[in-house]
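> for reference, the sequence and a predicted model appear below.
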Amino acid sequence: MKNEALFRYLLRLGDDSLILGQRLAEWCGHGPILEEDIAMTNISLDLIGQAMSLLDYAGVIEGKERNCDKLGLLRYEKEYVNVLLVEQPNGDFGDTIMRQFLFDAFRKPLYEKLVNSSDKQLAAIAEKSLKETRYHLKHSSEWVIRLGDGTEESHERVQNSLDTLWRFADELFYTDEVEAQLTGEGILPDLSEIKTEWESTVKHVFSEATLEIPANNWKFEGGRKGRHSEHFGHLLSELQYMQRAYPNMEW
Amino acid sequence: MKVLETTDLEQKFQDKIDREVKIEPNDWMPDAYRKTLIRQMSQHAHSEIVGMLPEANWITRAPNLRRKAVLLAKVQDEAGHGLYLYSATETLGADREATIDDLHSGKAKYSSIFNYPALSWADIGAIGWLVDGAAIMNQVALCRCSYGPYARAMVKICKEESFHQRQGYELLTTLAQGAPEQKELAQDALNRFWWPALMMFGPNDDESPNSAQSMRWKIKRLTNDELRQNFIDATVPQAELIGLKVPDENLKWNEETGHYDFTPINWDEFWQVVNGNGPCNKQRVDARRKAKEEGMWVREAALAFAEKRKKKLTA
């Protein structure tokens, strides 16, 4: 393999996009308003597109002729390395928006760094994705504020979403020898400022939304190491259904 | 005196129509014309929205990521069409919420084709090819409809629908040329969707009481039977080209008429489905009603928030 650390890093990014895109697609036809049905489908589409670019590139780096479909739709559960946050069920619209916001607030500064990667292909994917992610963050921030500072019911619901999802946020900043090696090689820029920027975004938005960050800082992780939640197998059984039921065919 | 005035307005209105001048929202129009359009356009909007459901059912199970992305984009287009059409209906004074409530109460109809289930991946191809294909036949004619906002919405919608039709056909072509299991999926989808697609054009002309008035008003440009025949003539060679068999033993090219002959349609089934007894009628309306009920708190929150911000600005 040309660069195993890069392969593993691309899978992390690609799986996050793929799994969140898959989750958002479940909303299609069932959104709370037509405009939001369109918005969530659109964001899903962007994320699936990002996953295709990232996983295709991961396949090139791996050099075993696996493309985005082989990697995206035919790995075993423990081989997926997405964070636990993105596989959490959609819940109500507040849960979906909160999950999206915590993710977008991380992805935007990450892509802003990655556009400077010394790896030209990664930098190009980041540049294209950044344009989309800026819009996603604007959309999810606005909804968090609207729901938080809307009615009593919406405030209570979205505060509840935050209380549930907060424990998954820290895993977004998980790093290990993969990032260390890529930073050493100059492929990854210094990522240490991302968390500071994320914290400042969430604090600002939650204060506008009159939401309180939970005092309980119990942190969940495992996705990056292939240890998922009970929800994940069900998601994969839909995602992989056709490839498993009708193996080795062109579609 | 008043009666005379109305007759005069009606005469001017019909003259405009005859001269192919578009009717615009603020123009005078007969109540019946307005009502017919509100009924037809809101049904059309509902069809776009309900029509998202059978296809959305397959997005999470699409066989590869490219197909997933294409299907997401397609269903999103349908949602967009629904949005334009609800807006175009509002130009006639119809209230969007009330229109949607009529769908949920069963008062308003939508295209019956969406009461059939999407059972396999091949159905996604059949829906694009046949259902969007049949819709285009109707909608191309509607681009010349006398009501301006409807005609203009149709121009944009037709461009997208025509793309959908081609993607559906391309999807089925891939299956028809694939493994035997794939070909079987494609043929099965055609078997199930062929007749319901033909029914999309509505009852035979002699059974369609509103058609004549709609033709005079140029809301409708071609009759149900003319559109259906055009669709069959265009679609049969496409099926043959990819090796699929249209499920009609009496289907035959007629040299004399220059059209295909086909078996008369089973109108009992059509009326059963229209009247609520299709395989998915209840499921579809329940899904839409549920989306609205479960989204109520979101809409209330958005309104309350907008109200608060307005107060802050004026304070």
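That came through fine. Numbering: from 1, shown residues only, chains lettered A, B, ... in the order given.

> tell me the pLDDT of A:Asn217.
Looking at A:Asn217, its pLDDT stands at 69.

> try B:Met1
So, for B:Met1, pLDDT stands at 49.

> name the helices or strands packed onto the helix or strand harbouring A:His136?
Per DSSP states H and E: A:His136 is located in helix A:120-148. Where contact means 3 or more C-beta pairs under 8 Å, 6 or more residues apart in numbering or on different chains; DSSP states H and E, helix A:120-148 is packed against helix A:34-62, helix A:93-114, helix A:152-169, helix A:192-208, helix B:296-314. For every residue, glycine as well, the C-beta is placed using N, CA and C.

> ok and that helix relative to helix A:34-62, angle-wise?
Interaxial angle of helix A:120-148 relative to helix A:34-62 (axes from the mean of the first three to the mean of the last three C-alpha atoms, to 10 degrees): 150 degrees.

> what mean pLDDT does helix A:120-148 get?
pLDDT averaged over helix A:120-148 gives 98.

> tell me the contacts of the closest residue to A:Arg107 other than its chain neighbours?
Distances taken as C-beta to C-beta, 6 or more residues apart in numbering or on different chains place A:Thr133 nearest to A:Arg107, at 4.9 Å, with adjacent residues excluded. By C-beta atoms under 8 Å, 6 or more residues apart in numbering or on different chains, A:Thr133 lies in contact with A:Asp46, A:Asp104, A:Arg107, A:Lys108, A:Tyr111.

> with A:Ser17 instead?
A:Leu47, A:Ile48, A:Gln50, A:Ala51, A:Leu54.

> and the stretch 51-200 of chain B, which of its residues are near chain A?
B:52-53, B:56, B:59-69, B:72-73, B:75-76, B:79-80, B:82-83, B:86, B:121, B:174-175, B:178-179, B:181-182 (C-beta under 8 Å from any C-beta of the partner chain).

> and the residues you listed, which of them are in helices?
Judged by DSSP state H, the subset of these located in helices is B:52-53, B:56, B:65-69, B:72-73, B:75-76, B:79-80, B:82-83, B:86, B:121, B:174-175, B:181-182.

> which stretches of chain B form strands?
Secondary structure of chain B (DSSP state E): strands at B:252-254, B:259-261.

> A:Ala39: how many residues sit nearby?
Number of residues near A:Ala39 (other C-beta atoms under 10 Å in any protein chain shown) recorded here: 21.

> also B:Glu293?
So B:Glu293, with other C-beta under 10 Å, has 11 neighbours.

> same question, B:Gly125
B:Gly125, neighbours per other C-beta under 10 Å, totals 26.

> report the backbone C-alpha coordinates of stretch B:138-158 in PDB.
Backbone C-alpha positions of stretch B:138-158 (Å, rounded to 0.1, in the frame of the first residue of the first chain) are rendered in PDB as follows:
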ATOM      1  CA  ASN B 138     -49.500  15.100 -20.200                       C
ATOM      2  CA  GLN B 139     -47.100  17.800 -19.100                       C
ATOM      3  CA  VAL B 140     -45.700  18.700 -22.400                       C
ATOM      4  CA  ALA B 141     -49.200  19.500 -23.500                       C
ATOM      5  CA  LEU B 142     -49.700  21.500 -20.300                       C
ATOM      6  CA  CYS B 143     -46.800  23.800 -21.200                       C
ATOM      7  CA  ARG B 144     -49.300  25.400 -23.600                       C
ATOM      8  CA  CYS B 145     -52.000  25.500 -21.000                       C
ATOM      9  CA  SER B 146     -54.000  28.800 -20.900                       C
ATOM     10  CA  TYR B 147     -53.200  29.700 -17.300                       C
ATOM     11  CA  GLY B 148     -49.800  31.500 -17.300                       C
ATOM     12  CA  PRO B 149     -48.300  30.400 -14.000                       C
ATOM     13  CA  TYR B 150     -49.200  26.700 -14.600                       C
ATOM     14  CA  ALA B 151     -47.800  26.700 -18.100                       C
ATOM     15  CA  ARG B 152     -44.600  28.300 -17.000                       C
ATOM     16  CA  ALA B 153     -44.100  26.000 -14.100                       C
ATOM     17  CA  MET B 154     -44.600  23.100 -16.600                       C
ATOM     18  CA  VAL B 155     -41.800  24.300 -18.800                       C
ATOM     19  CA  LYS B 156     -39.200  23.800 -16.100                       C
ATOM     20  CA  ILE B 157     -40.800  20.700 -14.700                       C
ATOM     21  CA  CYS B 158     -40.800  19.000 -18.100                       C
END
